[in-house]
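Novice: sequence? don't have it. structure:
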């Protein structure tokens, strides 16, 4: 695995490093879901993770890995989503400053969450360029270390701890379905699985409206995501060079699902499993419910990546 | 306990009888909730129970207790809520017919749920009299046994299994908060607690808009619930003679909470604990969040009684 610079051993070290700070999340089953899809499904509930999403794992592993002198100068990132909360909380847990570049137009509840964790927020325009520039400027001014949301070895190793936990708890999985945005989560999972349970297939799932990973694998080079129109707001990102090469090597298949099927799957999980998941986490459930892979009679892990969603704007009531 | 005809031994027998058919539901904790209320809270998640509510426990204990000759003639009840689903599923599990008298105006999703479990539905007007009369008529015509939603020994013993599970899993509880409608759940819990953990206080919580248990305890006789205006649709029922006498004897205190606080508590649990609870289950959470009892620094069990709620009509978006 040295060609991609990360192996199961790194994920094990990450698990040890972040263990005191994160939740070991439960794995739930639901006979209603099993009956519907004709398989045995194991839901790894990162919606119950601290900050409400798996992102804290990568942020925490990165921030806890920093040498003291670097850490003392703080960390910086640009995000209005789950990564921002992960960085903010992980920095507080280490006792250092987190700077977050965030669009002025981000929802109030997301601004408040980050500020509650004690982060310093710098508002800018809602473009990738403005966000990058703001984070860059802060990094130069303060010496803060940039914490990438997915395309770094420590982030990927942190995300991979989702898989080591799942595989320790559930044996003999035939497949694991993972939502794909920037690709950090599926990269970490695929590396862990390739060593711990090589026969288990790792399958990425994307919204049709943001199928850049699928297109990139087909093209053999990174193609950017189209303008972000999907309800799965966590999956609007394009792959990075690191995650692209890991996915090329270790992921068996990428499938895509429609917007309607994402909303239906999300609603099914709320109604029948009685847990809150965000649209991005519904994406692999939609693949299962739509029989996109052919996993009848098999044992399937699904990563429910997060549970942060606006309860005032449910996608089956309000669209857009 | 012979004066009220039910003791811990009956609840233990119920647990054994229904064990193969129901879920042993998880107990969750949430540091965000603990921090807010200044106590250690243990959430007993009957929202994850089969049919989405604790009601299946009482229905199942009643139906599995019937002698074969009686059971062969089926069971009947009148309900449009969680009890109807509990009876329908328990009857299917025993392989007998369930007749459900239900208002014509009941939500389609509730009709469908019961019919999906294979029950025969008789529609009638939406009055207590019409429901009772319809159930009576069916009983006379078919010989089906009436399954009471709360005021029977087997129902109460079944409900009490919530407490035996909770007390087996969590030690040293200072108090348990329970929503009160007809009083079956709190009756079963209070009996179990009185023998298993006598120092644990059992506290009932009601909506101010349906405070008939509180008023009845004050008056020393059963007073009917006022017209059902509360958002907590599972708690609009009045006490029965059996549940009233058990509550008088074994429940330490009844407190009431406002409609606004119920909706806020429900939303807090959805947003922060990431689980779906129905308004009735939010009632004891509201008491905790509103510091209605004075339990700072204590270990408190809260019974989340169910998770069936209309996802098209969330109470913080739509009122009434």
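Specialist: Good, I have the coordinates. These figures come from a predicted structure and were not determined experimentally.

Novice: residues in contact with the helix or strand where residue A:111 lies?
Specialist: Element membership of residue A:111 [criterion: DSSP states H and E] is helix A:108-116. Contacts with helix A:108-116, where a contact means CB atoms under 8 Å, 6 or more residues apart in numbering or on different chains, come from A:51, A:80-81, A:84-85, A:88, A:100, A:102, A:121, A:310. For the C-beta atoms, the positions are set from N, CA and C on the backbone; glycine is no exception.

Novice: Now with 10 Å, please.
Specialist: A:51-52, A:79-82, A:84-89, A:92, A:98, A:100, A:102-104, A:106-107, A:119-121, A:123, A:308, A:310-312, B:271 (CB atoms under 10 Å, 6 or more residues apart in numbering or on different chains).

Novice: Quick check, central residue of chain A?
Specialist: Geometric centre of chain A, nearest residue: residue A:185, 4.9 Å, by CA atoms, centre = their mean.

Novice: In helices only, show me the contacts of helix A:108-116.
Specialist: Within the contacts of helix A:108-116, residues falling in helices by DSSP state H are A:82, A:84-89, A:92.

Novice: quick one: terminal-to-terminal distance for stretch A:266-279?
Specialist: One end of stretch A:266-279 to the other measures 6 Å (CA to CA, to the nearest Å).

Novice: right, is it up against chain B?
Specialist: Yes: contact of stretch A:266-279 with chain B (CB under 10 Å from any CB of the partner chain) involves A:266-267, A:269-278.

Novice: give me the number of residues near the closest residue to chain B within the stretch 51-200 of chain A?
Specialist: Proximity of the stretch 51-200 of chain A to chain B (CB to the nearest CB) peaks at residue A:52, 6.5 Å away. Other residues within reach of residue A:52, judged by other CB atoms under 10 Å in any protein chain shown, total 25.

Novice: List the buried residues for the longest helix along chain A?
Specialist: Scanning chain A for the helix with the most residues, using DSSP H, yields helix A:153-169. By 16 or more other CB atoms under 10 Å in any protein chain shown, the buried positions in helix A:153-169 come out as A:153-167.

Novice: And for stretch A:232-246?
Specialist: A:232-240, A:242-246.

Novice: Those residues: which two are farthest apart?
Specialist: Across the buried residues of stretch A:232-246, the longest distance by CB to CB is 25.8 Å; it joins A:233 and A:245.

Novice: Verify the stated contact: residue A:173 with residue A:198.
Specialist: No: applying CB atoms under 10 Å, one finds residue A:173 not in contact with residue A:198, separated by 11.6 Å.

Novice: And these two? Which one has more around it.
Specialist: residue A:173 (21 against 8).

Novice: can you list the residues of chain A near chain B?
Specialist: Residues of chain A lying near chain B by CB under 10 Å from any CB: A:23, A:26, A:28, A:30-32, A:45-50, A:52, A:109, A:266-267, A:269-278, A:304, A:306-314, A:316-318.

Novice: ok so, going back, looks to me like the residue nearest to the centre of chain A is in a helix.
Specialist: Yes: counting by DSSP: H, G, I helix; E, B strand; the rest coil, residue A:185 is found in a helix.

Novice: can I assume it is in contact with residue A:191?
Specialist: No: the pair residue A:185 / residue A:191 is not scored as a contact, 11.3 Å apart, by CB under 10 Å.

Novice: which residues do those two both contact?
Specialist: Common neighbours of residue A:185 and residue A:191 (CB under 10 Å, 6+ apart) are A:156, A:159-160, A:163.

Novice: Just give me the closest of the buried residues of stretch A:232-246 to chain B.
Specialist: Nearest to chain B out of the buried residues of stretch A:232-246 is residue A:234 (CB to the nearest CB; 15.0 Å).

Novice: got the contact list for stretch A:126-145?
Specialist: Contacts for stretch A:126-145 (CB under 10 Å, 6+ apart): A:62-63, A:66-67, A:69-80, A:91, A:96-106, A:120, A:122-125, A:146-147, A:237-238.

Novice: Can you report how many residues lie near the closest residue to residue A:231 other than its chain neighbours?
Specialist: Among residues not flanking residue A:231 along the chain, residue A:279 sits closest, at 4.6 Å (CB to CB, 6 or more residues apart in numbering or on different chains). As a burial measure, residue A:279 scores 23 neighbours (other CB under 10 Å).

Novice: Quick check: residue A:279 vs residue A:24, distance?
Specialist: Distance from residue A:279 to residue A:24, counting by CB to CB, to the nearest Å: 25 Å.

Novice: Just confirm residue A:240 contacts residue A:184, I think it does.
Specialist: Yes: in this structure residue A:240 lies within contact range of residue A:184 using CB under 10 Å: 8.1 Å.

Novice: any common contacting residues for the two?
Specialist: Counting by CB under 10 Å, 6+ apart, the contacts common to residue A:240 and residue A:184 are A:148-152, A:155-156, A:246.

Novice: And those residues, which two are furthest apart?
Specialist: Farthest apart among those by CB to CB are A:149 and A:246. That separation is 15.4 Å.

Novice: Output the lowest mean pLDDT helix or strand found in chain A.
Specialist: Least confident helix or strand of chain A, by mean pLDDT, DSSP states H and E, is helix A:108-116 with a mean of 87.

Novice: Show me which residues of it are buried.
Specialist: The neighbour-count check on helix A:108-116 (16+ other CB under 10 Å) flags A:110-111, A:113-114 as buried.

Novice: now the helices for chain A?
Specialist: Under the criterion DSSP H, helices of chain A are mapped to A:8-18, A:31-37, A:55-65, A:68-71, A:82-94, A:108-116, A:128-142, A:153-169, A:184-196, A:212-219, A:241-250, A:259-268, A:279-289.

Novice: Which of those helices has the lowest mean pLDDT?
Specialist: Ranked by mean pLDDT, those bottom out at helix A:108-116, with a mean of 87.

Novice: rewinding a little: for the helices of chain A, which one sits closest to residue B:5?
Specialist: Residue B:5 sits nearest to helix A:31-37 of all these, at 34.8 Å, using CB to CB.

Novice: Which elements pack onto the closest one?
Specialist: Here helix A:31-37 touches strand A:40-45, helix A:259-268, helix A:279-289, strand A:299-304, going by 3 or more CB pairs under 10 Å, 6 or more residues apart in numbering or on different chains; DSSP states H and E.

Novice: Can you tell me which helices and strands the longest one packs against?
Specialist: Secondary-structure packing of helix A:279-289 (3+ CB pairs under 10 Å, 6+ apart): helix A:31-37, strand A:40-45, strand A:175-179, strand A:201-207, strand A:253-257, helix A:259-268, strand A:299-304.

Novice: Contacts only, for the residue nearest to residue A:40 when sequence neighbours are not counted.
Specialist: Closest residue to residue A:40 apart from its sequence neighbours, by CB to CB, 6+ apart: residue A:299 at 4.8 Å. By CB under 10 Å, 6+ apart, the contact list for residue A:299 reads A:39-42, A:170-176, A:200.
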